[in-house]
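Engineer: Please find the sequence and the predicted model below.
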Amino acid sequence: MVPLSWYLILAAALFCIGVFGALARRNAVGILMGIELMLNAVNINLVAFWRHIGPDQMTGQLFAIFVITVAAAEAAVGLALIIAIYRQRNTVNVEEIDMMKG
Amino acid sequence: MRASDLIHLLPELILLGGAALVLLLDIVWLRRAEERRRQLLPYVALGVLLVAALGLIPGGGDNVSVATMLVFDPFALFFKVFALLAVALIVLLATPYMQTRTPFSGEFYALLLATALAICLAVSASNLVMIYLSMEFLSITSYVLAGYFRQDRKSGEAALKYFLYGATASAVMLYGMSLLYGATGTTDLAGLVAGLSSGAAGQSAWLVTPAIILLLAGFGFKASLVPFHQWAPDTYEGAPTPVTAFLSTASKATGFAILMRVFLVGMGAASMASQWISLLVALSVVTMTLGNLTALRQTNIKRLLAYSSIAQAGYILIGVVAVVSDSTRIFTGINGVLIYLLAYLFTNVGAFAVVTAIEDATGKLEIKDYSGLVRRSPWLAGLLFIFLISLTGVPPTGGFLGKFFVFGAAVQTRMWVLLAIAAVNSVVAAFYYLNIVRYMFFVPAAEEGEPIRVGRPLQGALAITAVVTVLLGLIPGPVILWASESARSLLLALR
Amino acid sequence: MFLFVVFALIALAAAVGVITSRKPVYSALFLLLNFATLAALYIMVEAQFLAAVQIIVYAGAVIVLFLFVVMLIGGGELDDIGGRNKKFLARLTWPRGIALVLGLGLLVAVGYGLLSGQLMTATNDAAAFGQGSVQAIAAVLYTDYALPFELASILLLVGMIGAVALAQPPKKD
């Protein structure tokens, strides 16, 4: 049986990679991928906790299912936005999408 | 979930049905119809909001838990009324504005009704799963509303920035929620406080501080607290003006409502409360100082109101940190937050209504375009003056009442340093608010313009917001009573 | 134990691949690999239904959507975080520096907390096995979690309407 802390450390590492990706990427699609990594790290956490706290309480698993649902909706809206932006300016680089300053 | 629970969910069901109705009406009945019939749509939305408000009556505010995930207490009721009022005002603001700018307004009103639904669910959620889902529901709807003008480059940019920051913040918040779940084995707020303060607390204490910080990223994003505010200026500037008004009032209030419920109910035990209070004090100081200092050098009115709205979030936070558990006192901190948010709703929506009217007539948004406004349109100038002095916090306006109760709570808990910083900040803020007044009244216009015509719905919004802003200052009794009563249910959890 | 280490290493390598590859298509495929490995990990903790959902929704829908968009807006180059033509320090602009510090700080803080904290011990596999099945999840999902379930469905509907409203091509009139 794999100890709980191994899962949590894997999740923490994936989450940090995701955070780094979301902050360091300049391409909007790349940022969105970083966010997906973060959400998946959360799911590992939830499932590992579920398994170790007591599987008869289903909260962790259900929370993970809801996270997946929301992530799908979020990705759909985000990618729609990215397409709309791309139609306007032929780029999805967030540094070039910067009309407003102040 | 029992059938009898449905009576408590009546307003939510009405809003859901209403949103579907608006969408269907738009597709089936109005799409091919002539322009006049299409203009009925916002009034249908207003009717839905009115019916939803009536639907609040049978459920009442009698502290019941529904479907294990929602709690219906006076606190939730306050914010539901708040949300319905806010969205109704936004519909009035949007009616002439959307008409001239986009041929597709059906989805817009349907989505606005959906945001009201999201807020109603978010403010009564008592479980982390429900809180996450409803916050995300509100966020996704707001992303679409911010980017609604898909031909407009600024609107698209506003929505993309809002989305990228929002999705990151919600993922971070979610990580905090998963840690809390791991520490206590439950996502229920009442179970959370029991799990965190029980015998196992020593084992999980190390999780609480990181979890608080991570959660704050999500709530702070909604409430636009520094350092989670970077999206706000660009999004406020680029989004359609009615949507900006929505984001700066209703959406912000939802962030505060959830923050208060999670921290007071879920982490209300004294050992944890001291942790988040000290953290929020720091956030409050940074938020108002940075917001005000940056607002000083803005030239675009929407951007200025964005930074001012960040600064106002800092003042509101003072009420949260000055909370006292004794609900018999006059200043409990939380009632100050509620009064402040209500006053801010009418004041800020009013200010944005004036901005919308002028943008509609002239298409201009720079502060220097407001010079000589008193000649072109004395009414608009006078109204904007009322809203600006309310934002500054001068009596007899609602803004003064809010500041009085929030600062009063801080005096009561003897947070002198925080008060001093807030006082200095209020003076700085007066500077840039009155600068707009100076332009309107004392700087002559570069060229003589025609008088500005204001459409009827917008006139309605202006009249309501101005009257309520002044009335809140003149007859504050009922509102104080209502807010204190609503805050009580939350204070019971604090020990 | 051995399997966990293998899958964890693949997942980490894939995640690094996602944020360093220069072609967005490669990024998306690395993301797919990451999701698939996570599904394997879910099976190892007896969460079979979740593993299936992970594959169907993430691999089947989200990644396909990503690939569609990447193809639609024409591949192009992502900025090269792992580029070869520049020295490491030259590529470390300040947002990246902050991101690196934040990421490492979070990792250290959480890792330290996890190692020093005492955690509950696991329950046995036999009890867990039944709880990851479709029946067990459905039993809870349609009773205690009926309200969030309905909310999630409304959220998907609104997401769909929003995506259509945003992404439909501009009308010529």
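Structural biologist: Sure, I can see it. Treat the numbers as computed from the prediction; the structure is a model and nothing was measured. Numbering: from 1, shown residues only, chains lettered A, B, ... in the order given.
Engineer: Buried ones in the host helix or strand of A:Leu81, by neighbour count?
Structural biologist: Under the criterion of DSSP states H and E, A:Leu81 resides in helix A:59-89. Along helix A:59-89, the positions that meet the burial threshold by neighbour count (16 or more other Cβ atoms under 10 Å in any protein chain shown) are A:59-86, A:88. For glycine as for every other residue, the C-beta is placed from the backbone atoms N, C-alpha and C.
Engineer: ok, which stretches of chain C are helices?
Structural biologist: Counting by DSSP state H, chain C has these helices, from start to end: C:2-20, C:24-44, C:48-53, C:63-72, C:88-91, C:94-116, C:125-131, C:134-141, C:146-167.
Engineer: circling back to that earlier point, does the helix holding A:Leu81 reach chain B?
Structural biologist: Yes - legend: contact between helix A:59-89 and chain B by Cβ under 8 Å from any Cβ of the partner chain is shown at A:59-60, A:62-63, A:66-67, A:70, A:73-74, A:77-78, A:81-82, A:84-85, A:87-89.
Engineer: residues in contact with the spatially most central residue of chain C?
Structural biologist: Taking Cα atoms, centre = their mean as the criterion, C:Phe35 is the residue nearest the geometric centre of chain C, at 5.9 Å. Residues in contact with C:Phe35, defined by Cβ atoms under 8 Å, 6 or more residues apart in numbering or on different chains, are A:40, C:54-55, C:58-59, C:63.
Engineer: Out of the residues you listed, grab the one that's most surrounded.
Structural biologist: Per-residue neighbour counts (other Cβ atoms under 10 Å in any protein chain shown) across those peak at A:Asn40, which has 28 neighbours.
Engineer: The lowest-mean-pLDDT helix or strand in chain A packs against which elements?
Structural biologist: Taking mean pLDDT, DSSP states H and E as the measure, the helix or strand of chain A with the lowest value is helix A:4-24, at a mean of 86. Judged by 3 or more Cβ pairs under 8 Å, 6 or more residues apart in numbering or on different chains; DSSP states H and E, the packing partners of helix A:4-24 are helix A:28-53, helix B:153-184, helix C:2-20, helix C:94-116.
Engineer: And the second one, what's buried?
Structural biologist: I take that to be helix B:153-184. Judged by neighbour count (16+ other Cβ under 10 Å), helix B:153-184 contains these buried residues: B:154-184.
Engineer: With stretch B:100-113 instead?
Structural biologist: Taking 16+ other Cβ under 10 Å as the neighbour-count basis, stretch B:100-113 is seen to contain the buried residues B:101-102, B:105-113.
Engineer: is it up against chain A anywhere?
Structural biologist: No - among the residues of stretch B:100-113, none lie within reach of chain A under Cβ under 8 Å from any Cβ; the closest is 11.4 Å away.
Engineer: Then stretch B:152-171?
Structural biologist: Yes - using Cβ under 8 Å from any Cβ, a contact is recorded between stretch B:152-171 and chain A, made by B:153-154, B:156-157, B:159-161, B:163-164, B:167-168, B:171.
Engineer: show me which of these neighbour chain C.
Structural biologist: Residues shared between the residues of stretch B:152-171 next to chain A and the neighbourhood of chain C are B:Ala159 [Cβ under 8 Å from any Cβ].
Engineer: Quick check: which of the residues of stretch B:152-171 next to chain A has the minimum pLDDT.
Structural biologist: Confidence by pLDDT is poorest for B:Arg153 among those, given 84.
Engineer: so where's the chain uncertain?
Structural biologist: You didn't say which chain, so I picked chain A. In the predicted model of chain A, residues A:1, A:54-56, A:99-102 satisfy pLDDT under 70.
Engineer: that's the wrong chain, I meant chain C
Structural biologist: C:75-97, C:99, C:109-129, C:170-173.
Engineer: switch to 90 and redo it
Structural biologist: C:1-2, C:19-24, C:44-47, C:59-60, C:70-137, C:139-140, C:143-144, C:165-173 (pLDDT under 90).
Engineer: Checking B:Leu434 next. Helix, strand or coil?
Structural biologist: B:Leu434 falls in the helix class when you classify it by DSSP: H, G, I helix; E, B strand; the rest coil.
Engineer: can you check the one 3 residues further on too?
Structural biologist: Classification of B:Val437 by three-state DSSP places it in helix.
Engineer: so what's it up against?
Structural biologist: B:384-385, B:388.
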